[in-house]
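> Predicted model and sequence follow; I will ask about them next.
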Amino acid sequence: MEIYKTIWRLAWPQVLMMFFHFLIGFVDVWVAGRLGRDVQACMGLITQALFFFLVVALAIANGSVAAISQSLGAGLRKRTQRYIGLGLETGIVLGVVILILGAVFEDLFLDLLQIPETILPIARYLLRVYLYILPAYYLFAITNAFFRAQKKVLFPLFAMMIVTSVNTAGDFGLGLGLWGLPGLGYKGLAWSTFASILCGTVFNFWLLIRAKMLVRQSFAPWRWIKRAWPYLFQVAWPAGLMQIVWHSAYMALYAIVASLPRNSVVALAGMSAGIRVESFLFLPGFAFNFTASILVGHYLGARDMVGAKKVGYRVMFLGLTLVSLMTILLWLAIEPIAGFIAPDLQVKMEAINYLKYNMAAIPFLLPAIILGGALTGAGATIYQMIVMGTSAWLVRIPLAYFLGHIYFEQAKGVWLAMFLSMIFQAGLMFYFYQFKDWARFAMRRN
């Protein structure tokens, strides 16, 4: 029972952190719904696009979690400090590079999304503001990973509470014009996101300095960087490629929905609303994903391979039990919840239709998410990439196009394809976790 207490001590702040993360998306889409179905459709689409641009940051974060947690498990504090410095240097450089590339290829990116011409100006403005905040968002994601890897899970929770508060106040104030602020509509939503992430990033840097995690010794000489960078890169590049593959698949899925033969804008808005409700369930799954990464990394750093594998399964069991109960409770109130986030009747019904399939897939989605986190803690992100990439591009996307455009000719076919791909994904993840030697990807002590 002691191990479950340890898991819960690490998990509950991250579950709560993910609840605040859920609130950000929920409020964004709720306010967007009050501004019109066009704004609501664009908000879901461009928010997903933002995560596509963040894939490099998430890759560095995954590499940092593996390197820092294993270093702490081995009792190597100086190495931990130096990986913090290396992660920050890498994050700021790549954040600026991705910002420049995003600005240069903005039109091409929007064309690829197959956005209807009527809502293109809204999508363009939202994307442009989101690009401006990328460097700060990179540092925010990476510094949160530093705290998690050291089991300081309350710090990311406090940071997310600040981000949620600023974003919510901005959405209502600048989006809807409450409290005497100018009502900027969808432009207000974009700048609320900008301000909230900036505040969270400044807070994280203050914590790093105050807790003496970011010190002069964190910035290592070039001789050390040449030896340390290969491991960070070994973990980060498959994690980054997995994020690119996964989020590009979501972009392709949005494009498939946006170009459906019938009711494409309603389906797009319904999908945006449905994802926000669904995230209430899979975001806690990511809290257990993070917990599995932390614990597996520490076990492998201490050279306890058997304990590392067992703890991954234990985190999965606890996470699956909790989220399954949440799914049942949420389903009992699905109609009023969907109506709250999507006041348009047609959009509401499509959101419910989306949720029927995706909530039924939760028992398959959660094991894949949580065991994927265990592989990240081990540094075996190559296996996670194979599982996610195969599920997305060889199963989900072809099936969604066939069922949505050819067989059903409506959004129902896309939702069914998502359900079937999650079953495939869970089976493949179990195979890799149980039968592959993923512990061999852990760092050596020297």
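Okay, I see it.
> State the phi and psi torsions of residue 262.
When read as degrees, to the nearest 10, the backbone of residue 262 gives phi -140, psi 140.
> Could you report the separation of it from residue 396?
To residue 396, residue 262 is 21 Å away according to C-beta to C-beta, to the nearest Å. (Glycine included, C-beta is placed from N, CA and C.)
> neighbour-wise, which of these two wins?
Per other C-beta atoms under 10 Å, whichever of residue 262 and residue 396 has more neighbours is residue 396, with 26 against 10.
> Please identify the nearest residue in space to that one, excluding sequence neighbours.
Nearest non-adjacent residue to residue 396, counting by C-beta to C-beta, 6 or more residues apart in numbering: residue 421, 3.7 Å away.
> List the contacts of that neighbour.
Listed by C-beta atoms under 8 Å, 6 or more residues apart in numbering, the contact set of residue 421 reads 391-392, 395-396, 399.
> what's the closest of those residues to residue 288?
Set against residue 288, the nearest of those by C-beta to C-beta is residue 391 (19.2 Å).
> which phi and psi does residue 179 have?
The phi/psi pair for residue 179 (degrees, to the nearest 10) reads phi 60, psi 30.
> thinking again about what came up before, only the buried residues of the helix or strand where the residue nearest to residue 396 lies, if you could.
Using DSSP states H and E, residue 421 falls within helix 411-435. Within helix 411-435, the residues that count as buried by 16 or more other C-beta atoms under 10 Å are 411-426, 428-429, 432-433.
> what's the spacing between stretch 284-297 and its chain's center?
13 Å (C-alpha atoms, centre = their mean, to the nearest Å).
> wait, stretch 325-337
22 Å.
> first vs last residue of that stretch, how far apart are they?
17 Å (C-alpha to C-alpha, to the nearest Å).
> what's the pLDDT at residue 11?
Note on residue 11: pLDDT of 87.
> Please name the residues that touch it.
Each residue near residue 11 by C-beta under 8 Å, 6+ apart is listed here: 287-288, 291, 315, 318-319.
> about what we covered before: possible to save the contacts of residue 421 as TSV with distance to residue 63?
Formatted as TSV, the contacts of residue 421 follow (distance: C-beta to C-beta, whole Å):
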residue	distance to residue 63
391	22
392	21
395	27
396	26
399	32
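> and those as a markdown table, adding distance to residue 162, secondary structure and pLDDT?
Shown next, in a markdown table, are those (distance: C-beta to C-beta, whole Å; DSSP: H, G, I helix; E, B strand; the rest coil; pLDDT from 0 to 100):
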| residue | distance to residue 162 | secondary structure | pLDDT |
| --- | --- | --- | --- |
| 391 | 35 | helix | 93 |
| 392 | 33 | helix | 90 |
| 395 | 39 | helix | 92 |
| 396 | 35 | helix | 90 |
| 399 | 41 | helix | 92 |
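> Just the buried subset of the residues you listed, written out for PyMOL, thanks.
To isolate the buried ones among the contacts of residue 421 in PyMOL, judged by 16+ other C-beta under 10 Å, type:
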select buried, resi 391+392+395+396+399
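> Out of the contacts of residue 421, the closest to residue 244 would be?
residue 392 (10.6 Å).
> wait, doesn't that closest one sit right on residue 246?
Yes. Residue 392 is within contact range of residue 246, at 5.6 Å (criterion: C-beta atoms under 8 Å).
> what pLDDT does the residue nearest to residue 44 when sequence neighbours are not counted get?
Using C-beta to C-beta, 6+ apart and skipping the chain neighbours, the partner closest in space to residue 44 is residue 272 (2.4 Å). Note on residue 272: pLDDT of 77.
> residue contacts, residue 272?
Residues in contact with residue 272 (C-beta under 8 Å, 6+ apart) are 29, 40-41, 43-45.
> got a winner among those residues for most neighbours?
Neighbour counts for those (other C-beta under 10 Å) peak at residue 41, which has 33 neighbours.
> re the thing from before, for the helix or strand encompassing the residue nearest to residue 44, what is the distance to the chain centroid?
Residue 272 is part of helix 264-301 when elements are defined by DSSP H and E. Centre-to-centre, helix 264-301 and its host chain are 6 Å apart (C-alpha atoms, centre = their mean).
> quick one: average confidence on the helix or strand just after that helix?
Of the helices and strands lying after helix 264-301 in sequence (DSSP H and E), the nearest is helix 305-331. For helix 305-331, the mean pLDDT works out to 89.
> I'd like the next helix or strand past helix 305-331.
Assigned by DSSP H and E, the successor of helix 305-331 is helix 334-341.
> May I see the buried residues of that following helix?
For helix 334-341, by 16+ other C-beta under 10 Å, it's 337-339, 341.
> per-residue confidence averaged over the helix or strand encompassing residue 163?
Assigned by DSSP H and E, residue 163 belongs to helix 154-170. Here helix 154-170 scores 93 as its mean pLDDT.
> Check which helices and strands that helix sits against.
On a contact count with 3 or more C-beta pairs under 8 Å, 6 or more residues apart in numbering; DSSP states H and E, helix 154-170 meets helix 2-35, helix 134-149, helix 186-210.
> Off-centre distance for that helix?
Distance, stretch centre to chain centre, for helix 154-170: 16 Å (C-alpha atoms, centre = their mean).
> Tell me how far the residue nearest the centre of the chain lies from residue 99.
Closest to where the C-alpha atoms of the chain average out (C-alpha atoms, centre = their mean) is residue 51, at 7.0 Å. Noted for residue 51: a distance of 15 Å to residue 99, by C-beta to C-beta.
> repeat for residue 376
For residue 376 relative to residue 99 (C-beta to C-beta), the value is 26 Å.
> So for the two, which residue has more residues nearby?
Of the pair residue 376 and residue 99, residue 376 is the one with more neighbours under other C-beta under 10 Å, namely 29 against 18.
> List the contacts of the more buried one.
With contacts defined as C-beta under 8 Å, 6+ apart, residue 376 is in contact with 62, 65-66, 235, 239, 289, 292-293, 384.
> Quick one: classify it as helix, strand or coil.
helix (DSSP: H, G, I helix; E, B strand; the rest coil).
> quick one: low-confidence parts of the protein?
Along the chain, the parts satisfying pLDDT under 70 run over 1, 74, 113-114, 443-446.
> is it true that residue 248 touches residue 52?
Yes. Using C-beta under 8 Å, residue 248 is in contact with residue 52, at 6.6 Å.
> Work out for me the element the nearest residue to residue 285 once chain neighbours are set aside sits within.
Leaving aside its chain neighbours, residue 285 sits nearest to residue 369 (4.4 Å; criterion: C-beta to C-beta, 6+ apart). Taking DSSP H and E as the definition, one finds residue 369 inside helix 362-378.
> buried stuff in that helix?
Buried-residue list, helix 362-378, by 16+ other C-beta under 10 Å: 362, 364-378.
> ok, of the residues you listed, which one's closest to residue 138?
Within these, proximity to residue 138 (C-beta to C-beta) peaks at residue 376, which comes in at 18.1 Å.
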